[in-house]
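Student: Got a sequence here, can you build the structure:
(one chain, ligands or ions: 1)
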Amino acid sequence: MAIPAEPKKIIIDTDPGIDDAMAIFVALRSPEVEVIGLTTIYGNVYTTLATRNALHLLEVAGRTDIPVAEGSHVTITKGTKLRIADFVHGADGLGNQNFPPPQGKKIDKSAAEFLVEQANLYPGKVTVVALGPLTNIALALELDPSFAKNVGQVVLLGGAFAVNGNVNPAAEANIFGDPDAADIVFTSGADILAVGINVTHQVVLTDADREKLENSSGKFAQYLCKILNVYFAYHHEAYSTKGVYLHDPAAILAAINPSLVTYTEGVVRVQITGITRGLTVLYNKQKRFGEVTEWSDKPTVKVAVTVDAPAIVKLVMDRLMDS
Ligand SMILES: O=c1[nH]cnc2c1ncn2[C@@H]1O[C@H](CO)[C@@H](O)[C@H]1O
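Tutor: Numbers count the residues shown, from 1 in each chain. Below you'll find the model as predicted:
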């Protein structure tokens with residue numbers, strides 16, 4: 001991968017989370033990007049714990065220079081009944097390891113304020129990689145409608161395009177977490193690349209890969225092997241794969257090197273009620289409908305359709321082992 005003269009600035013909106021931890025570490029070992037901040041959100045854990053884990057992970061990485069801005073504790077419609085995936089990541093979000101509390105503190109700004117500030121500071125230059133429900137991104141758009149054009153790109157891990165979801169047959173977890181926010185983001189006009197589980201379910205870290213990580217002396221590889229047990233156990237039980245899905249690392253690498261995925265373009269709307277709440281429906285523009293639909297006159301987004309899974313797994317492994 002050719003390294004650009006000026007690394008791409010990225011902000012990771014995250015709910016750490018075991019695969020989030022992996023993605024953050026991969027980003028910190030990627031010379032193509034400069035991580036200028038982490039913003040936190042509920043999803044794999046509640047927001048307060050996401051902030052604690054984000055600060056902790058930066059301390060593990062020796063990168064306490066990176067600011068952490070705390071995000072929303074409720075959905076965009078002020079919903080407090082959140083669906084938290086602690087059964088995937090452990091009660092602490094990091095494989096039930098009881099890590100000591102971090103020394104560092106979150107900054108005074110909210111996630112949405114930080115996102116708007118940075119997008120205004122570097123117009124068109126900041127990539128936001130959203131690894132959890134999209135509440136903070138929707139709040140940034142509410143706070144400053146010009147955020148849609150000032151942000152460089154939003155690469156989001158979310159959606160199940162033409163495949164079953166992972167919360168239920170209709171919905172993927174991040175979109176299900178705040179479908180109203182997701183619909184705001186998808187129709188905002190920002191440059192969006194959605195990486196859904198139709199793509200990330202092809203990116204599998206096997207038991208053998210994990211053994212290789214274990215046998216390496218990489219600092220991040222060693223740390224992750226400690227926390228990966230819970231994530232592997234969940235996958236062994238819930239799916240019949242011999243390994244774990246690398247959702248968040250795939251999304252981060254799609255942001256780092258867009259040539260690792262191919263995408264199609266169209267209009268995405270999100271179902272916000274009923275039994276298909278959280279369903280993402282892409283209109284591929286192949287038919288010109290005679291009638292006005294809920295997809296008419298909405299901006300298009302990019303939706304990943306294929307992925308170079310072996311290249312992603314190799315990059316994840318190499319960067320974690322070389323740390
Ligand atoms: O079965 C699941 N239920 C809920 N969340 C999950 C599940 N599997 C993975 N994730 C989490 O949700 C995002 C991908 O949808 C990933 O961040 C992953 O950690």
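Student: before we move on, which element is Q118 in?
Tutor: For Q118, the enclosing helix or strand under DSSP states H and E is helix 111-121.
Student: looking just at contacts, which helices and strands does that helix meet?
Tutor: strand 8-14, strand 33-40, strand 68-69, strand 126-130, helix 135-143, helix 147-150 (3 or more C-beta pairs under 8 Å, 6 or more residues apart in numbering; DSSP states H and E). For the C-beta atoms, the positions are set from N, CA and C on the backbone; glycine is no exception.
Student: per-residue confidence for the residue of the stretch 151-300 of the chain found nearest the ligand?
Tutor: In the stretch 151-300 of the chain, the residue found nearest to the ligand is A173; the distance is 3.4 Å by C-beta to the nearest ligand atom. Here, the pLDDT recorded for A173 equals 98.
Student: count of neighbours near the closest residue to D248 other than its chain neighbours?
Tutor: Closest residue to D248 apart from its sequence neighbours, by C-beta to C-beta, 6 or more residues apart in numbering: A23 at 3.7 Å. By the measure other C-beta atoms under 10 Å, the count of residues near A23 is 27.
Student: could you redo the helices and strands packed on helix 111-121 as TSV and give each row mean neighbour count and mean pLDDT?
Tutor: Output for the helices and strands packed on helix 111-121, formatted as TSV (neighbours: other C-beta atoms under 10 Å; pLDDT from 0 to 100):
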stretch	mean neighbour count	mean pLDDT
strand 8-14	26	98
strand 33-40	25	98
strand 68-69	26	98
strand 126-130	25	98
helix 135-143	25	98
helix 147-150	19	98
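Student: and the ligand, which of these is closest to it?
Tutor: strand 8-14 (9.0 Å).
Student: Alpha carbons only: can I get the closest one in PDB?
Tutor: Backbone C-alpha positions of strand 8-14 (Å, rounded to 0.1, in the frame of the first residue of the first chain) are rendered in PDB as follows:
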ATOM      1  CA  LYS A   8      -5.700  10.700   6.300                       C
ATOM      2  CA  LYS A   9      -7.200  12.200   9.500                       C
ATOM      3  CA  ILE A  10      -9.700   9.800  11.100                       C
ATOM      4  CA  ILE A  11     -12.100  10.000  14.100                       C
ATOM      5  CA  ILE A  12     -13.300   6.600  15.300                       C
ATOM      6  CA  ASP A  13     -16.800   6.600  16.800                       C
ATOM      7  CA  THR A  14     -16.800   3.500  18.900                       C
END
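Student: Contacts only, for V270.
Tutor: By C-beta atoms under 8 Å, 6 or more residues apart in numbering, the residues touching V270 are I175, P179, D180, A182, D183, F186, G278, L279, T280, V281.
Student: now, among the residues you listed, which is nearest to F232?
Tutor: Using C-beta to C-beta, I175 comes nearest to F232 of the contacts of V270, at 24.7 Å.
Student: Residues contacting the helix or strand that contains that closest one, please?
Tutor: Using DSSP H and E, I175 sits in helix 173-177. Helix 173-177 is contacted from outside by 42-43, 75, 82-83, 85, 130-135, 156-160, 165-168, 182, 270, 277-280, using C-beta under 8 Å, 6+ apart.
Student: Hey, what's the angle from the helix or strand that it is followed by to helix 135-143? Just curious.
Tutor: Proceeding N to C from helix 173-177, the next assigned helix or strand is helix 179-186, under DSSP H and E. Compare the direction of helix 179-186 with that of helix 135-143 by axes from the mean of the first three to the mean of the last three C-alpha atoms, to 10 degrees and you get 60 degrees.
Student: Return the distance of helix 179-186 from the chain's centre.
Tutor: How far helix 179-186 lies from its chain's middle: 15 Å, per C-alpha atoms, centre = their mean, to the nearest Å.
Student: Repeat that for stretch 56-65.
Tutor: Its chain's C-alpha centre lies 19 Å from the corresponding centre of stretch 56-65 when counted by C-alpha atoms, centre = their mean.
Student: Run through the bridge partners of E34.
Tutor: Note on E34: beta-bridge partners by DSSP bridges are K9.
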